[in-house]
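>>> model the structure of this input:
(2 chains)
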Amino acid sequence: ETGVTQSPTHLIKTRGQQVTLRCSSQSGHNTVSWYQQALGQGPQFIFQYYREEENGRGNFPPRFSGLQFPNYSSELNVNALELDDSALYLCASSPGSGQPQHFGDGTRLSIL
Amino acid sequence: ELKVEQNPLFLSMQEGKNYTIYCNYSTTSDRLYWYRQDPGKSLESLFVLLSNGAVKQEGRLMASLDTKARLSTLHITAAVHDLSATYFCAVDIRNQFYFGTGTSLTVIP
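Model prediction:
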């Protein structure tokens, strides 16, 4: 059991729509990161939140945004969905620097 | 631009054999992690390497880190079928993880 839960597990959207993905981190893990994993590739870093503030961002456009809440939950929002956004979205939390990140099972997003 | 490259990308090996997966990265970091991913599943942490020369072993897997060469290795000893999975290395830059391309390992009975 990872302690990191994500919802929903699967989601189908159409181009141009907006989506919100949710993650509940392990208690005490004040850092949460989001990744996009396309089929057959490694996870790509989207952004990281630390104590409710964005703490770093990968090479993703502004239509990818996030929030972190005091109760260790977080959201990934994607606006104006494109076909290339179809992927597995992973949330990972860690208790601090030098610690491995614990991953959730992911949300499989399909864009039609 | 940070690059994290693994080789080989695909590895098919017989049970009982030994092999090494390599992870090269293009920027300075003394923190590297290895993860395992089974098909349709999330990532499972295998090793945390936090300094030059670090070596960690768990069962048939051993990981090492050479920060000067910007190289990490994952050595498989006497492979068994249960080790079939995709293995990723990840470089920690200011607690942001940059993953390698992955190595898909298939162990053949």
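
>>> who's the closest residue to A:Thr5 other than its chain neighbours bridged to?
Using CB to CB, 6 or more residues apart in numbering or on different chains and skipping the chain neighbours, the partner closest in space to A:Thr5 is A:Ser24 (4.7 Å). C-betas here are computed from N, CA, C, even on glycine. Assessed by DSSP bridges, A:Ser24 has beta-bridge partners A:Thr5, A:Ser73.

>>> might you list the low-confidence residue ranges for chain A?
Where chain A drops to pLDDT under 70, the residues are A:1-2.

>>> quick one, what contacts the residue nearest the centre of chain A?
For chain A, A:Trp34 is the residue whose C-alpha lies nearest the centre (CA atoms, centre = their mean; 3.2 Å). Applying CB atoms under 8 Å, 6 or more residues apart in numbering or on different chains, we find A:Trp34 in contact with A:Cys23, A:Ile46, A:Phe47, A:Gln48, A:Gly66, A:Ser74, A:Leu76, A:Tyr89, A:Leu90, A:Cys91, A:Ala92.

>>> also B:Leu83?
Per CB under 8 Å, 6+ apart, neighbours of B:Leu83: B:Arg60, B:Leu61, B:Ile76, B:Leu105, B:Val107.

>>> residue contacts, the first one?
Applying CB under 8 Å, 6+ apart, one finds that B:Arg60 lies in contact with B:Ile76, B:Thr77, B:Ala78, B:Ala79, B:Val80, B:Leu83.

>>> of those residues, buried ones?
With neighbours counted by 16 or more other CB atoms under 10 Å in any protein chain shown, the contacts of B:Arg60 contain buried members at B:Ile76, B:Ala79, B:Leu83.

>>> ok, back up a step: can you tell me how far the residue nearest to A:Thr5 is from A:Glu54?
19 Å (CB to CB, to the nearest Å).

>>> more neighbours: the two, which one.
A:Ser24 (19 against 13; other CB atoms under 10 Å in any protein chain shown).

>>> doesn't A:Tyr72 make contact with that one?
Yes: contact criterion CB atoms under 8 Å: A:Ser24 and A:Tyr72 qualify, at 6.6 Å.

>>> which helix or strand lies directly C-terminal to the longest strand along chain B?
As assigned by DSSP state E, the longest strand anywhere in chain B is strand B:85-93. For strand B:85-93, the following helix or strand on the C-terminal side (DSSP states H and E) is strand B:96-99.
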